[in-house]
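**Q** Coordinates only, no sequence provided:
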């Protein structure tokens, strides 16, 4: 009875193609998935390969040219003279300053990001999780420049931070800090401390999100297993959570470190008049017209990041990925 | 003698959910104790109360005579084999097994030697250099066992440790676990929803339902003399018989249970018995399971394979030894 009704279905076992170009293409892509992959990847690969990487190499090639100091013209012959110039004390100062700042910003971001990411990955659910993402992403929606100028006002001598500390009778702490060499200055907005604060603020989301993603992948029962085997919470952090979060921290640090290495706007608006690598590139290729030296400067962050990634890989930071 | 684990009116409530509700329990040292029940019956929460991952909302828990409330897991000499093993993916097998000794400050040579011995105990010698990801499910299970045993715990907790293994492996592991427990003399507390596993391995079984213990006893007790309908039904899917039916055969108006293997199935004309209709037959290899309908009462019978059977739909006569009809104390 049922089987008779089923067998009475007049449809054939193999359905006809839907016909037309679309049908033919669907069948072709199903039979040869690589054709579809090729078609999808071609435009972005062309864009990245030719327009982006190509122009980057064109720029890097310029670092092997030199500038004629009298005429200001570029001498298009292979030379390492520009790299010799790069190693002058004043330029090395710029590199050292930038790398130190990038390292400190990365370290501070990691320390601040970890508890936030840990809370979001382990405890936040539903509405609180949505609030977390909103809180992290919202600052990214507003203009970078607006945020930096806002910070300039916050950190200024007449700004809200000084006012607040005065109300709390803690101004002496700020004054003591600002009287320190190197990190101090007339006010936070013209000190390296100010530059540091704003860098950390601006790049923090790029650290929180990968750390949170890494922590979210750590099964909760690993923490329980560690505790079960006799590890105190501190030992569990050192032996289980931190190693498993390390790929996320490394991913985040790649953002914070490289973004700080290359940024030229924050140190120009907030901080001292001493240059960072980004500013050096900007002024060498603009005002000074020394394109080869500007190109040589841009090689520095690329080489540093290369070593950084190599070191991270050797440390096994990508093993748990 | 002091109990290895003792619950006094211990409860764990999550809001309005009573995961564990006023449970009294005594587990003797060196005992292989099984907690059996359907999912959500509170057996795993009981295990987590012993491990220290959960704290009782009321009542008290002692481990070898010492009060355990407020004591964190890392201060309990109790180790757990987790359901999905929870091996550390960033450590190799040897360091996984040596983890407990490492956090206790045992030096590298000492803890690696102990870990090697523990791996040999679970028959995985020489696997130390591998990563957990390179092992099969059964091997991971053994590593998890070695990782717990290397600490020489007073009580070993096993949370459905065989659940993810295939049938053959599971049977092997059951035997191995049992002989390991006999050899080491450690108290094992084992959580499972598989009644066969509980009956075959444990010295005593506690049957859980709705956060309460329905019955505690030896496997034979639980299987032959279930106290409640739930136990009769859950352990070995016994036939639960209503009081009216039971009265006809025992004279008492009480709920009863009858094991499927106690029912004999004969031709309809063969004299006295319960007349029924054969609904379906289900071939299981060594045995055949029959579904029967006796005037609206659904019964199951298990007969040896090869028994001559009437065709499906035919009338049959059921007989059983009245001694096998077990009367239950509680109606629930």
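**A** Everything's here; your move. As the structure is a computational prediction, the values presented were derived from the model and not from experiment. Numbering: from 1, shown residues only, chains lettered A, B, ... in the order given.
**Q** mind checking the SS state of residue B:48?
**A** State at residue B:48, reduced to three classes by DSSP: H, G, I helix; E, B strand; the rest coil: helix.
**Q** Likewise for residue B:147?
**A** Residue B:147 - assigned by three-state DSSP - is helix.
**Q** can you check the one 5 residues further on too?
**A** When classified by three-state DSSP, residue B:152 comes out as coil.
**Q** Quick check: pLDDT value at it.
**A** If you check residue B:152, the pLDDT there is 92.
**Q** Can you name the residues that contact it?
**A** Contacts for residue B:152 (C-beta atoms under 8 Å, 6 or more residues apart in numbering or on different chains) come out as residue B:186. C-beta coordinates here come from the backbone N, C-alpha and C atoms, glycine included.
**Q** mind running it again at 10 Å?
**A** B:77, B:79, B:100, B:114, B:118, B:184, B:186 (C-beta atoms under 10 Å, 6 or more residues apart in numbering or on different chains).
**Q** To what extent is the third one buried, counted in neighbours?
**A** By other C-beta atoms under 10 Å in any protein chain shown, the residues close to residue B:100 number 28.
**Q** Same check on the second one?
**A** By the measure other C-beta under 10 Å, the count of residues near residue B:79 is 27.
**Q** how much space between the nearest residue to residue A:268 once chain neighbours are set aside and chain B?
**A** Once flanking residues are discounted, residue A:268 sits nearest to residue A:279: 5.9 Å by C-beta to C-beta, 6 or more residues apart in numbering or on different chains. Relative to chain B, residue A:279 is positioned 41 Å away (C-beta to the nearest C-beta, to the nearest Å).
**Q** if we can go back for a sec, let's see which of the contacts of residue B:152 end up in helices.
**A** Among those, the ones falling in helices (DSSP state H) are B:100, B:114, B:118, B:184.
**Q** Out of those residues, which is nearest to residue B:162?
**A** The closest of the ones in helices among the contacts of residue B:152 to residue B:162 turns out to be residue B:184 (C-beta to C-beta; 18.1 Å).
**Q** How much space separates that closest one from chain A?
**A** 18 Å.
**Q** Give me the number of neighbouring residues for that residue.
**A** 15.
**Q** State the distance from it to residue A:182.
**A** To residue A:182, residue B:184 is 63 Å away according to C-beta to C-beta, to the nearest Å.
**Q** pLDDT below threshold where in the chain?
**A** Reading this off chain A. A:1-7, A:316-321 (pLDDT under 70).
**Q** meant chain B, my bad for not saying
**A** Using pLDDT under 70, the flagged stretches of chain B are B:269-271, B:330-332.
**Q** who are the neighbours in contact with residue 91?
**A** By default, I'm working from chain A. So residue A:91 contacts A:85, A:275, A:277, A:280, A:284, A:293, A:296, A:297, A:300 (C-beta under 10 Å, 6+ apart).
**Q** Sorry, I should have been clearer: chain B.
**A** By C-beta under 10 Å, 6+ apart, the neighbours of residue B:91 are A:239, A:240, A:243, B:97, B:98, B:99, B:102, B:131, B:132.
**Q** Can you say which of those residues are buried?
**A** A:239, A:240, A:243, B:97, B:98, B:99, B:102, B:132 (16 or more other C-beta atoms under 10 Å in any protein chain shown).
**Q** how many other residues sit next to residue A:131?
**A** 12.
**Q** thought it was touching residue A:124?
**A** Yes - counting by C-beta atoms under 10 Å, residue A:131 touches residue A:124, with 7.8 Å between them.
**Q** returning to that earlier point: as TSV, the contacts of residue B:91 with secondary structure and distance to residue B:297 would be great.
**A** Formatted as TSV, the contacts of residue B:91 follow (DSSP: H, G, I helix; E, B strand; the rest coil; distance: C-beta to C-beta, whole Å):
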residue	secondary structure	distance to residue B:297
A:239	helix	60
A:240	helix	56
A:243	helix	61
B:97	helix	54
B:98	helix	59
B:99	helix	56
B:102	helix	61
B:131	coil	56
B:132	helix	51
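**Q** Adding distance to residue A:252, write those residues out as a markdown table.
**A** As requested, the contacts of residue B:91 are exported to a markdown table (distance: C-beta to C-beta, whole Å):
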| residue | distance to residue A:252 |
| --- | --- |
| A:239 | 21 |
| A:240 | 19 |
| A:243 | 15 |
| B:97 | 32 |
| B:98 | 31 |
| B:99 | 27 |
| B:102 | 28 |
| B:131 | 25 |
| B:132 | 26 |
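**Q** ok, so of those residues, who is nearest residue A:100?
**A** For these, the nearest to residue A:100 is residue A:243 (26.8 Å; C-beta to C-beta).
**Q** Quick check: closest non-adjacent residue to that closest one.
**A** residue B:90 (4.9 Å).
**Q** Over to residue B:309?
**A** Leaving aside its sequence neighbours, residue B:309 is closest to residue B:281 (6.1 Å, by C-beta to C-beta, 6+ apart).
**Q** any idea how far residue B:121 is from the closest residue to residue B:80 other than its chain neighbours?
**A** Using C-beta to C-beta, 6+ apart and skipping the chain neighbours, the partner closest in space to residue B:80 is residue B:157 (4.4 Å). Relative to residue B:121, residue B:157 is positioned 18 Å away (C-beta to C-beta).
**Q** For these two, indicate the residue with more neighbours.
**A** residue B:157 (26 against 17).
**Q** ok, back up a step: just list whatever residues bridge to the residue nearest to residue B:80.
**A** residue B:80, residue B:189 (DSSP bridges).
**Q** Tell me who's in contact with it.
**A** A:228, B:5, B:35, B:44, B:46-48, B:50-51, B:78-82, B:148, B:187-191 are the contacts of residue B:157 under C-beta under 10 Å, 6+ apart.
**Q** Test my guess that residue B:46 contacts residue B:24.
**A** No - using C-beta under 10 Å, residue B:46 is not in contact with residue B:24, being 11.6 Å away.
**Q** Run a quick neighbour tally on residue A:167.
**A** The burial count for residue A:167: 9, using other C-beta under 10 Å.
**Q** Contact partners for residue A:26?
**A** Taking C-beta under 10 Å, 6+ apart, one finds A:17, A:18, A:20, A:36 in contact with residue A:26.
**Q** so how far is residue B:78 from residue B:100?
**A** From residue B:100 over to residue B:78 (counting by C-beta to C-beta), the distance is 11 Å.
**Q** Mutual contacts of the two, please.
**A** A:228, B:148, B:151, B:153.
**Q** so the second one sits right up against residue B:78, yeah?
**A** Translated: residue B:148. Yes - under the criterion of C-beta under 10 Å, residue B:148 makes contact with residue B:78 at 9.3 Å.
**Q** Give the residues shared as contacts by these two.
**A** In contact with both residue B:148 and residue B:78: A:228, B:156, B:157, using C-beta under 10 Å, 6+ apart.
**Q** Please report the distance of the first one from chain B.
**A** Computed with C-beta to the nearest C-beta, the distance linking residue A:228 and chain B is 5 Å.
**Q** OK, contacts around that residue?
**A** A:221, B:51-53, B:73-74, B:76, B:78-82, B:86, B:100, B:147-148, B:151, B:153, B:157.
**Q** same question, the second one
**A** Contacts for residue B:156 (C-beta under 10 Å, 6+ apart) come out as B:32, B:78-81, B:145, B:148-149, B:177, B:180-181, B:184, B:186-190.
**Q** hmm, try it at 8 Å
**A** Residue B:156 touches B:78, B:79, B:80, B:81, B:148, B:149, B:186, B:187, B:188, B:189, counting by C-beta under 8 Å, 6+ apart.
**Q** Tell me the one among those residues nearest to chain A.
**A** Proximity of those to chain A was ranked by C-beta to the nearest C-beta; the top entry is residue B:80 with 4.8 Å.
**Q** Give the burial count for the closest one, as a bare number.
**A** 31.
**Q** Same check on the one 10 residues further on?
**A** The local packing of residue B:90 (other C-beta under 10 Å) involves 19 other residues.
**Q** and the stretch 1-150 of chain B, which of its residues are near chain A?
**A** B:51-53, B:72-74, B:78-80, B:82, B:84, B:86-90, B:99-100, B:102-104, B:147-148 (C-beta under 8 Å from any C-beta of the partner chain).
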